[in-house]
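[1] Sharing a model that was predicted from the sequence below.
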Amino acid sequence: MIGLGLGLLILVARHDQGMVAGLGIDDFGSLVVRVALLVFLAGAVFALFRHRLSAAIEALIFWLLVGLVLAAGYTYRHDLRDLADRIMAELVPGRASVRGRTVEIARTQRGEFQVVADINGARISTVLDTGASAVVLTQEAAKAAGLPLEVLSYSVNVETANGRTRAAPVTLDRVSVGPIVERAVPALVAQPGQLRTSLLGMSFLTRLQGWEVRGDKLVLRGYP
């Protein structure tokens, strides 16, 4: 209180000069208030713990550690987010680990790359198939993507693991994997019962700046 009073007296006495100890009047006033609050809080803590010095020291160390952890978390928040994405990509099939315009996807236990793609606003689970000339959707995926199933024409001959069949040609407005977005992507819709899982084929992969299989990781690189 004495310090606050002295600070106020100095402000009153020097307000016409506009400066106090090299500081503007407003800055000096703010400094006085902050110092007074700090002294008040320190005095309150001392009064509370004056008979429990060890408890006061433990509380001080605890809050210092909390502050350091919070400061470190904020400083390295981007690195921690990337680390969390990588861990989730390992644990969740199809979950993409994103670094800029590069997407990494871990191989599943079945040995395939399951890729969750956003197709026309719908989240569609697909499997990477470099032998497929186009993105191929199941009937269920095509319906989720808003394609008009009732007017599709199954006019394209395709070879599958189950033999030869026909598929309907379509154009997908938007296909994205993580930050990689491609528009007007040619695709096919399989006939009912002919395909168990949608395929992410070459009509999407050839649009990318590059892609490769690196060990157990599929790496997709989009254009800047």
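    Good, I have the coordinates.
[2] Could you list the domains of this protein?
    The chain breaks down by automatic domain parsing into domains covering 2-75, 92-221.
[3] Do a quick rundown of the strands in the protein.
    Per DSSP state E, the chain carries strands over the ranges 19-20, 23-24, 97-99, 102-106, 114-119, 122-128, 135-137, 156-160, 163-177, 180-190, 198-200, 210-214, 217-221.
[4] and the gap between the residue nearest to residue 201 when sequence neighbours are not counted and residue 102?
    Excluding the flanking residues, the one nearest residue 201 by C-beta to C-beta, 6 or more residues apart in numbering is residue 132, at 3.2 Å. Glycine gets a C-beta too; all of them are placed from N, C-alpha and C. To residue 102, residue 132 is 23 Å away according to C-beta to C-beta, to the nearest Å.
[5] Could you do residue 205 as well?
    Taking C-beta to C-beta, one finds residue 205 at 14 Å from residue 102.
[6] would you put the C-alpha positions of stretch 118-127 in CSV?
    Output of stretch 118-127 as CSV, limited to C-alpha atoms (Å, rounded to 0.1, in the frame of the first residue of the first chain):
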residue,chain,number,x,y,z
ASP,A,118,-13.6,-37.4,-49.1
ILE,A,119,-15.6,-38.0,-52.3
ASN,A,120,-18.2,-35.3,-53.1
GLY,A,121,-18.4,-34.5,-49.4
ALA,A,122,-18.8,-38.1,-48.2
ARG,A,123,-16.2,-40.0,-46.3
ILE,A,124,-15.5,-43.1,-48.3
SER,A,125,-13.2,-45.9,-47.3
THR,A,126,-11.1,-47.1,-50.3
VAL,A,127,-8.2,-49.4,-50.9
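[7] which parts of it are buried?
    Residues of stretch 118-127 classed as buried under the neighbour-count rule (16 or more other C-beta atoms under 10 Å) are 119, 120, 124, 126, 127.
[8] Test my guess that the last one contacts residue 112.
    Spelled out, that is residue 127. Yes. Assessed by C-beta atoms under 8 Å, residue 127 is found in contact with residue 112 at 5.3 Å.
[9] Flag the shaky bits of the chain, pLDDT-wise.
    In the predicted model of the chain, residues 1-33, 39-53, 56, 73-74, 76-95, 160-162 satisfy pLDDT under 70.
[10] try 90 this time
    For the chain, the stretches flagged by pLDDT under 90 are 1-101, 106-111, 131, 157-165, 178, 193-196, 214-217, 224.
[11] ok, residue 132 and residue 102, which is more surrounded?
    Neighbour comparison, residue 132 and residue 102: the larger count goes to residue 132, with 22 against 18 (by other C-beta atoms under 10 Å).
[12] ok, so of the buried residues of stretch 118-127, who is nearest residue 185?
    In terms of C-beta to C-beta, no member of those lies closer to residue 185 than residue 119, at 8.6 Å.
[13] what's the spacing between the closest one and residue 182?
    Where residue 182 is concerned, residue 119 sits at a distance of 10 Å (C-beta to C-beta).
[14] for residue 170, same thing?
    15 Å.
[15] Same check on residue 197?
    The value you get for residue 197 to residue 182, if C-beta to C-beta is used, is 20 Å.
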